[in-house]
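In: coords below, sequence missing:
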């Protein structure tokens, strides 16, 4: 059975059971003992959010979230208790690896979280769990290979505006003014809008997005940290879920 726990494009839930209880509430971790300052984190240059490609019926995604050639991302992990992302030299080898938790496939290797990568082919191969196999290359050209799209973290453009969106009944999205402590955390309600100020793609259990609350909240103006994933999701304001998806979800895919 594949290491990634859950992938559903329509609701944008991806695996990491360390962050989600399936009754709908997040398990929040205080984060690292020493939190990096926002100035030490990374954001790509500001990009347009006007993407109009179809994601699911009645929904759109911005162009920088499309699974297409030249889309930029960071490595994530394989889900569950994994701390790295597996890549393989071919779609067949990746299929063999993903079919068994004990599979050892020649040529497949693990890459750490937070490595800047680029999708270098428009070829997408649909998996049997709802995501896609895509071919990526490290930005320093040190390696390349096939991996599952749900293991990739979007490289979020500077000042992207997002809205909290209900994903599971009873879910909560927590916001931490102090990244290293849950004390004084804020529970964000459905419809709260935020502006993403920075991103920590190496963070796994701790919150990974630094943001400012900008609307539909009594805490407007406050800055802090939150998880990209969780019992409540984040939608790009005016577009679709903050997760990768094919440019056209109805297009035929080679298997």
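Out: Yep, that arrived. This structure is a prediction, so every number in the text was calculated from the model and none was measured.

In: and residue 72, how many residues sit next to it?
Out: The local packing of residue 72 (other CB atoms under 10 Å) involves 18 other residues. Where C-beta positions appear, they are placed from N, C-alpha and C, glycine not excepted.

In: nearest spatial neighbour of it, chain-adjacent residues omitted?
Out: Counting by CB to CB, 6 or more residues apart in numbering, residue 72 lies nearest to residue 155, which is 4.3 Å off, once chain neighbours are set aside.

In: now do the same contact list for the one you found.
Out: Residue 155 is in contact with 44, 64, 72, 73, 74, 116, 199, 201, counting by CB atoms under 8 Å, 6 or more residues apart in numbering.

In: so, if you compare these, which one comes nearest to residue 185?
Out: residue 199 (19.6 Å; CB to CB).

In: and the closest residue in space to the closest one that isn't next to it in sequence, how far is that from residue 146?
Out: The shortest distance from residue 199 to any non-neighbouring residue, by CB to CB, 6+ apart, is to residue 156 (5.3 Å). Residue 156 is 24 Å from residue 146, where distance means CB to CB, to the nearest Å.

In: residue 225 is in contact with residue 209, isn't it?
Out: Yes - Residue 225 lies in contact with residue 209 (CB atoms under 8 Å); the separation is 6.7 Å.

In: what strand or helix carries residue 137?
Out: Taking DSSP states H and E as the definition, one finds residue 137 inside strand 132-138.

In: show me what the helix or strand following that strand is in contact with.
Out: Proceeding C-terminally, strand 132-138 gives way to strand 144-148 as the next helix or strand, assigned by DSSP H and E. Around strand 144-148, the neighbours that count as contacts under CB under 8 Å, 6+ apart are 4, 78, 85-91, 93-94, 98, 108-109, 120, 127, 131-138.
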